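1. heads up, no residue letters with this:
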């Protein structure tokens with residue numbers, strides 16, 4: 001729609017097809033654009049931003065990342081003097097609501113998802129939310145702003161929450177941790193990690209206390225240290241708040257030359273480098289393993305892990321009430337490459353003493 005009083009188009013179409021066409025046509029006609037379409041920008045942002053620069057107009061997108069949280073402005077402006085080391089966030093309210101219900105009430109994933117759909121948190125087709133795709137769109141934008149790099153949605157390792165079981169929450173809590181779907185971008189000696197996946201965070205951390213449909217983003221940087229941003233991750237009024245803030249920014253900058261405005265991703269295109277993206281198998285992290293085993297088989301599991309050079313830092317065994325149900329062996333490992341954990345998990349699944357699905361989640365150290 002055309003916004004009265006400003007030469008600006010507010011793009012309110014989902015998806016990438018018609019929305020891309022509309023936005024590029026508006027830019028070609030000299031119109032500023034405000035959008036909350038994260039999929040459009042994650043996949044076509046560089047084309048759109050380049051077109052805007054050629055035509056001397058602005059593209060504003062605060063509502064595309066964390067809705068009511070002004071994280072785009074925080075990264076582009078408030079932390080402009082910092083070198084960002086990592087960004088980690090809960091940026092999908094639907095999946096966070098589902099995980100909260102599973103943790104608090106012990107319900108299975110399907111039941112929690114159905115409730116989220118009844119309450120309007122989840123779409124009839126919830127794929128983008130529960131498979132982590134929506135969070136990956138947002139992470140691509142966050143990483144580009146934080147690290148001054150081209151948009152790399154295609155490089156984001158993406159996992160969803162459908163395999164998380166109530167036992168994972170029970171075992172994680174017994175080890176002093178909580179399960180969250182995290183979007184993580186982190187510098188490492190090997191390059192840049194870009195990951196969306198269920199992970200463990202310390203139960204005493206602020207991130208562990210972000211519940212329901214709320215969102216939160218933490219940023220670790222050299223001068224400011226660790227900062228955290230919290231707010232609603234969905235809602236019509238919350239989205240409108242972000243859109244109006246973008247309209248106000250455009251109104252304030254109306255008439256300014258493009259080179260006087262803050263670059264769309266915080267860095268001018270000529271200064272943006274393309275860092276090496278670390279393959280997920282090479283990422284080194286502590287891990288949480290939950291392994292359902294028959295009685296007396298804990299030693300076999302630990303022996304296999306030791307043979308694979310996977311050192312266990314913490315372990316416990318939770319016994320079910322039912323006589324014939326397996327025990328849950330819960331482990332926290334020392335830091336090890338993801339590829340090693342995955343190979344060990346595949347071997348464990350083949351053991352006769354293992355009697356169910358195995359969970360293998362990274363532990364994120366935030367702060």
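-> Thanks, I have it. Note that the structure is predicted; figures quoted are calculated from it, not measured. Numbering: from 1, shown residues only.
2. can you map out the strands along the protein?
-> In the chain, the strands defined using DSSP state E lie at 8-11, 32-35, 59-60, 84-90, 157-158, 177-188, 191-202, 214-221, 225-232, 284-293, 312-318, 327-333, 336-337, 359-363.
3. who touches the fourth one?
-> Taking contacts as CB atoms under 8 Å, 6 or more residues apart in numbering, the residues outside strand 84-90 that touch it are 66, 71, 75, 96, 138-139, 142-143, 146-147, 180-187, 207, 210, 214-222, 233, 364, 366. Yep, even glycine has a C-beta here, placed from its N, CA and C like the rest.
4. tell me the mean pLDDT for that strand?
-> When pLDDT is averaged over strand 84-90, the result is 97.
5. and if you look at the last one?
-> For strand 359-363, mean pLDDT rounds to 97.
6. please apply the same query to stretch 191-201.
-> For stretch 191-201, the mean pLDDT works out to 97.
7. could you pull out the helices in the stretch 101-250 of the chain for me?
-> Ranges of helices within the stretch 101-250 of the chain are 109-118, 127-130, 133-147, 166-174, 236-253, based on DSSP state H, counting those that start in this stretch.
8. buried residues of the first one, list them for me.
-> Of the residues in helix 109-118, those buried under the neighbour-count criterion (16 or more other CB atoms under 10 Å) are 109, 112, 113, 115, 116.
9. and which of those residues is nearest to residue 48?
-> Nearest to residue 48 out of the buried residues of helix 109-118 is residue 116 (CB to CB; 31.2 Å).
10. the residue lying closest to the closest one once chain neighbours are set aside and residue 239, how far apart?
-> Nearest non-adjacent residue to residue 116, counting by CB to CB, 6 or more residues apart in numbering: residue 122, 4.0 Å away. Applying CB to CB, to the nearest Å, the value for residue 122 to residue 239 is 17 Å.
11. next, the buried residues of stretch 216-231.
-> Within stretch 216-231, the residues scored as buried using 16+ other CB under 10 Å are 216, 217, 218, 219, 220, 221, 228, 229, 230, 231.
12. which residue in those residues has the weakest pLDDT?
-> residue 231 (93).
13. OK, contacts around it?
-> So residue 231 contacts 66, 67, 68, 69, 214, 215, 216, 238 (CB under 8 Å, 6+ apart).
14. repeat that with 6 Å
-> 68, 69 (CB atoms under 6 Å, 6 or more residues apart in numbering).
15. of the helices of the stretch 101-250 of the chain, which is nearest residue 194?
-> Among those, helix 133-147 sits nearest to residue 194 (CB to CB), with 5.9 Å.
16. any chance you could list what contacts the closest one?
-> The contact list for helix 133-147 (CB under 6 Å, 6+ apart) reads 38-39, 42, 65, 75-76, 84, 87, 91-92, 128, 151, 153, 156, 158, 183, 185, 194, 196, 265-266.
17. got JSON lines for the buried residues of stretch 216-231, with distance to residue 21 too?
-> Below are these laid out as JSON lines (distance: CB to CB, whole Å):
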{"residue": "216", "distance to residue 21": "34"}
{"residue": "217", "distance to residue 21": "31"}
{"residue": "218", "distance to residue 21": "36"}
{"residue": "219", "distance to residue 21": "34"}
{"residue": "220", "distance to residue 21": "39"}
{"residue": "221", "distance to residue 21": "38"}
{"residue": "228", "distance to residue 21": "38"}
{"residue": "229", "distance to residue 21": "33"}
{"residue": "230", "distance to residue 21": "36"}
{"residue": "231", "distance to residue 21": "32"}
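18. closest one of those to residue 276?
-> Nearest member of the buried residues of stretch 216-231 to residue 276, counting by CB to CB, is residue 220, at 19.9 Å.
19. any idea how far the closest one lies from residue 183?
-> Distance, residue 220 to residue 183, using CB to CB: 14 Å.
20. which non-adjacent residue is nearest the residue nearest the centre of the chain?
-> Nearest to the mean C-alpha position of the chain, counting by CA atoms, centre = their mean, stands residue 183 at 2.1 Å. Excluding the flanking residues, the one nearest residue 183 by CB to CB, 6+ apart is residue 139, at 4.0 Å.
21. can you tell me how far the nearest residue to residue 302 once chain neighbours are set aside is from residue 67?
-> Distances taken as CB to CB, 6+ apart put residue 312 closest to residue 302, at 6.5 Å, once the chain neighbours are dropped. To residue 67, residue 312 is 40 Å away according to CB to CB.
22. could I get the strands of the chain as a markdown table with distance to residue 133?
-> Formatted as a markdown table, the strands of the chain follow (distance: least, CB to CB, whole Å):
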| stretch | distance to residue 133 |
| --- | --- |
| strand 8-11 | 20 |
| strand 32-35 | 18 |
| strand 59-60 | 22 |
| strand 84-90 | 15 |
| strand 157-158 | 6 |
| strand 177-188 | 11 |
| strand 191-202 | 8 |
| strand 214-221 | 16 |
| strand 225-232 | 21 |
| strand 284-293 | 22 |
| strand 312-318 | 33 |
| strand 327-333 | 28 |
| strand 336-337 | 25 |
| strand 359-363 | 19 |
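23. right, and the ones you listed - which one's nearest residue 47?
-> Closest to residue 47 of the strands of the chain, according to CB to CB: strand 59-60, at 11.0 Å.
24. and that closest one, which strands flank it?
-> Strand 59-60 pairs in its sheet with strand 32-35 (parallel), by DSSP bridges.
25. check the gap between the closest residue to residue 98 other than its chain neighbours and residue 105 for me.
-> With sequence-adjacent residues excluded and distances taken as CB to CB, 6+ apart, residue 98 is closest to residue 112, at 4.3 Å. Note on residue 112: its distance to residue 105, by CB to CB, is 8 Å.
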